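Enquirer: missing the sequence, but the structure's below:
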């Protein structure tokens with residue numbers, strides 16, 4: 001992108017000196033609205049009137065349902081009119097009858113995003129695309145300091161801020177109080193807590209901070225970090241570190257990727273799987289040559305089918321190991337196509353790829369490995385086709401003390417402690433207990449004779465169920481509780497490991513009078 005005359009005139013030759021870490025952030029407010037207005041330069045759209053972009057395409061909705069569509073973004077005039085994202089279109093028109101609806105244009109958003117990146121790259125070689133509407137630059141090695149006040153993009157406002165850390169600069173650029181200056185951790189104290197949403201994380205955590213009565217970031221910064229992590233989790237601890245300037249991470253440098261996407265339009269609609277596989281094989285041969293020329297491999301394939309009666313079908317296929325040959329990619333894709341149930345004939349097929357470096361490593365002799373990783377992915381594809389997307393994976397415990405709280409992770413991903421096959425095809429085994437517990441699903445309710453000690457029940461004998469008898473020894477109670485801050489979701493339970501004449505089991509108690517056998521040690 002060529003700098004304008006104002007930008008060139010705004011360059012001051014001033015040494016940053018001393019190796020001081022300085023990061024600059026650029027942010028385009030009201031990004032979807034600005035991109036939509038840029039997409040229609042020839043139309044008579046007055047940019048000085050309130051404009052909004054809807055979260056759903058209004059052309060697909062008619063009648064009274066159109067008034068219920070939510071607003072995704074507003075321009076500055078829309079904010080000044082008292083509107084806010086999330087309002088329904090009907091509410092917004094009552095408040096502001098002159099509101100203009102701008103159609104969302106994804107292609108224009110992509111062009112505006114690229115223009116923002118090129119603008120940042122003209123200042124610094126180290127640029128990170130922090131969000132769709134924001135970039136962060138490392139200015140420490142820039143020998144010429146740019147007057148950021150004079151930066152300009154046609155049809156869009158650019159806000160900026162500087163800070164000692166990238167995340168602090170990203171936050172400061174989004175707030176009117178800290179835009180256009182160099183900020184420190186102390187300058188963030190007066191901002192509202194809601195700005196933390198720009199750093200990502202669970203929206204539920206922000207709701208809890210509001211429930212606690214925290215009016216600004218200064219209140220949050222005064223909380224002890226250890227207590228924040230214990231009650232709200234590691235994400236809140238990360239926010240705490242960012243606001244105190246304790247994290248200065250490396251930028252994830254953004255480089256515009258070269259597209260390896262392919263597309264094919266069929267002259268006659270295709271109904272048979274054999275024809276789709278034949279066409280797909282041709283595309284994979286082309287992809288194999290392009291990957292070999294770049295010394296890359298495919299980590300993920302994205303297949304999109306356009307139907308004759310409208311609509312489309314999208315599938316994403318991850319490989320257990322990066323694949324660069326047609327044979328390694330065709331088998332899983334063919335299994336995926338054979339399991340699909342197409343509603344109509346296919347008129348267009350698109351294939352895209354996420355690339356990575358090919359891996360070549362000697363296997364460990366005593367480790368568990370996948371002999372044929374492509375067969376593993378093929379099996380997963382068949383299971384997902386039968387059970388549905390998102391229903392196949394590895395169960396992992398959630399970050400909660402609640403019994404049986406678990407999530408599902410894709411089986412081709414691997415992290416420490418996860419029982420899954422990683423990118424290398426190596427099996428990672430969960431830690432095994434010395435005495436395994438066979439859990440009962442669901443737990444079996446029992447009658448228990450007990451006495452009260454220090455306000456807590458102490459079991460003496462199990463009176464009903466399969467495992468009855470006097471309790472010879474017990475360990476506990478072990479108290480587990482969670483979500484105490486929400487009366488509707490709060491829970492608490494006591495557990496014991498109890499020894500009977502027939503063996504050892506786990507007993508649980510939930511108020512007011514619910515006893516259950518959770519499992520049996522074998």
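Expert: It's in. Bear in mind that the values here come from a model prediction, so they are computed numbers and not experimental data.

Enquirer: Just the pLDDT for residue 145.
Expert: Listed pLDDT for residue 145 reads 61.

Enquirer: what do you get for residue 439?
Expert: For residue 439, pLDDT reads 86.

Enquirer: beta partners of it?
Expert: Beta bridges link residue 439 to residue 519, judged by DSSP bridges.

Enquirer: what's around it, how many residues?
Expert: 13 (other C-beta atoms under 10 Å). Every C-beta, even on glycine, is put in place using the N, C-alpha and C of the backbone.

Enquirer: need the helices for the stretch 301-450 of the chain, in chain order.
Expert: Taking DSSP state H, counting those that start in this stretch, the helices of the stretch 301-450 of the chain run over residues 326-339, 373-387.

Enquirer: Quick one: those helices as JSON lines, columns for mean pLDDT, mean neighbour count and distance to residue 23 too.
Expert: Converted to JSON lines, these look like this (pLDDT from 0 to 100; neighbours: other C-beta atoms under 10 Å; distance: least, C-beta to C-beta, whole Å):
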{"stretch": "helix 326-339", "mean pLDDT": "84", "mean neighbour count": "19", "distance to residue 23": "40"}
{"stretch": "helix 373-387", "mean pLDDT": "68", "mean neighbour count": "18", "distance to residue 23": "40"}
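
Enquirer: closest to residue 81 out of those helices?
Expert: Closest of those to residue 81 is helix 373-387, at 47.1 Å (criterion: C-beta to C-beta).

Enquirer: Can you tell me how far the residue lying closest to residue 109 once chain neighbours are set aside is from residue 470?
Expert: Leaving aside its sequence neighbours, residue 109 sits nearest to residue 35 (C-beta to C-beta, 6 or more residues apart in numbering; 4.1 Å). Look at residue 35 and residue 470: by C-beta to C-beta, to the nearest Å, they are 73 Å apart.

Enquirer: what's the spacing between the closest residue in space to residue 187 that isn't next to it in sequence and residue 150?
Expert: Spatial nearest neighbour of residue 187, excluding adjacent residues (C-beta to C-beta, 6+ apart): residue 178 at 5.9 Å. Noted for residue 178: a distance of 19 Å to residue 150, by C-beta to C-beta.

Enquirer: which one of those two has more residues nearby?
Expert: residue 178 (24 against 15).

Enquirer: List the contacts of the more buried one.
Expert: 161, 171-172, 187-188, 191 (C-beta atoms under 8 Å, 6 or more residues apart in numbering).

Enquirer: among those residues, who's most crowded?
Expert: residue 172 leads the contacts of residue 178 on contacts (other C-beta under 10 Å) with 29 neighbours.

Enquirer: can I assume that residue is in contact with residue 161?
Expert: Yes. At 3.6 Å, residue 172 counts as touching residue 161 under the criterion of C-beta atoms under 8 Å.

Enquirer: list residues touching both of these two?
Expert: Shared contacts of residue 172 and residue 161, counting by C-beta under 8 Å, 6+ apart, come down to 25, 178-179, 183.

Enquirer: what's the closest of those to residue 399?
Expert: Residue 399 lies nearest to residue 25 out of the shared contacts of residue 172 and residue 161, by C-beta to C-beta, at 30.2 Å.

Enquirer: in what helix or strand does the closest one lie?
Expert: strand 23-27 (DSSP states H and E).

Enquirer: Check residue 214 and give its pLDDT.
Expert: 87.

Enquirer: That one - that's part of a helix, no?
Expert: No. Assigned with DSSP: H, G, I helix; E, B strand; the rest coil, residue 214 falls outside any helix and is coil.

Enquirer: Near residue 454, how many other residues are there?
Expert: With other C-beta under 10 Å as criterion, residue 454 counts 5.

Enquirer: From residue 333, how far off is it?
Expert: Counting by C-beta to C-beta - residue 454 and residue 333 are separated by 63 Å.

Enquirer: secondary structure class for residue 167?
Expert: Going by three-state DSSP: residue 167 is helix.

Enquirer: How about it: what's its closest non-neighbour residue?
Expert: Leaving aside its sequence neighbours, residue 167 sits nearest to residue 242 (C-beta to C-beta, 6+ apart; 4.5 Å).

Enquirer: residues in contact with the closest residue in space to residue 500 that isn't next to it in sequence?
Expert: Spatial nearest neighbour of residue 500, excluding adjacent residues (C-beta to C-beta, 6+ apart): residue 469 at 4.5 Å. Contact analysis of residue 469 by C-beta under 8 Å, 6+ apart lists 461-462, 500-502.

Enquirer: Secondary structure for those - can I get that in JSON lines?
Expert: Below are these laid out as JSON lines (three-state DSSP):
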{"residue": "461", "secondary structure": "strand"}
{"residue": "462", "secondary structure": "strand"}
{"residue": "500", "secondary structure": "strand"}
{"residue": "501", "secondary structure": "coil"}
{"residue": "502", "secondary structure": "coil"}
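
Enquirer: So which of these wins on neighbours?
Expert: In terms of neighbours by other C-beta under 10 Å, the contacts of residue 469 top out with residue 462 at 22 neighbours.

Enquirer: correct me, but that one touches residue 446?
Expert: Yes. Counting by C-beta under 8 Å, residue 462 touches residue 446, with 5.4 Å between them.

Enquirer: hey, what's in contact with both of the two?
Expert: Contact with both residue 462 and residue 446 is made by residues 507, 517, according to C-beta under 8 Å, 6+ apart.

Enquirer: just checking, what's the longest helix in this structure?
Expert: helix 273-294 (DSSP state H).

Enquirer: Which other helices and strands does that one contact?
Expert: On a contact count with 3 or more C-beta pairs under 8 Å, 6 or more residues apart in numbering; DSSP states H and E, helix 273-294 meets strand 262-270, strand 297-307, helix 326-339, strand 346-356.

Enquirer: switch to 7 Å and redo it
Expert: strand 262-270, helix 326-339, strand 346-356 (3 or more C-beta pairs under 7 Å, 6 or more residues apart in numbering; DSSP states H and E).

Enquirer: hmm, back to that, is the residue nearest to residue 109 in a helix, a strand, or coil?
Expert: Per three-state DSSP, residue 35 ends up helix.

Enquirer: distance of it from residue 176?
Expert: Taking C-beta to C-beta as the measure, residue 35 falls 21 Å from residue 176.

Enquirer: Between those two, which is the more surrounded one?
Expert: Between residue 35 and residue 176, counting by other C-beta under 10 Å, residue 35 is the more crowded of the two (27 against 9).

Enquirer: how close does that one get to residue 134?
Expert: Separation of residue 35 from residue 134 (C-beta to C-beta): 14 Å.

Enquirer: what does residue 115 give?
Expert: 13 Å.

Enquirer: now swap in residue 331 and tell me
Expert: For residue 331, the distance to residue 134 - C-beta to C-beta - is 41 Å.

Enquirer: cool, residue 56 as well?
Expert: From residue 56 to residue 134 the distance is 24 Å (C-beta to C-beta).

Enquirer: If you count surrounding residues, which of these two has more?
Expert: residue 134 (23 against 15).

Enquirer: List the contacts of the more buried one.
Expert: Contacts for residue 134 (C-beta atoms under 7 Å, 6 or more residues apart in numbering) come out as 25-27, 170, 173.

Enquirer: correct me, but residue 120 touches residue 127?
Expert: Yes. If you go by C-beta atoms under 7 Å, residue 120 and residue 127 touch, sitting 4.6 Å apart.

Enquirer: any shared contact partners between the two?
Expert: Applying C-beta under 7 Å, 6+ apart, one finds that residue 120 and residue 127 are jointly contacted by 135, 137.
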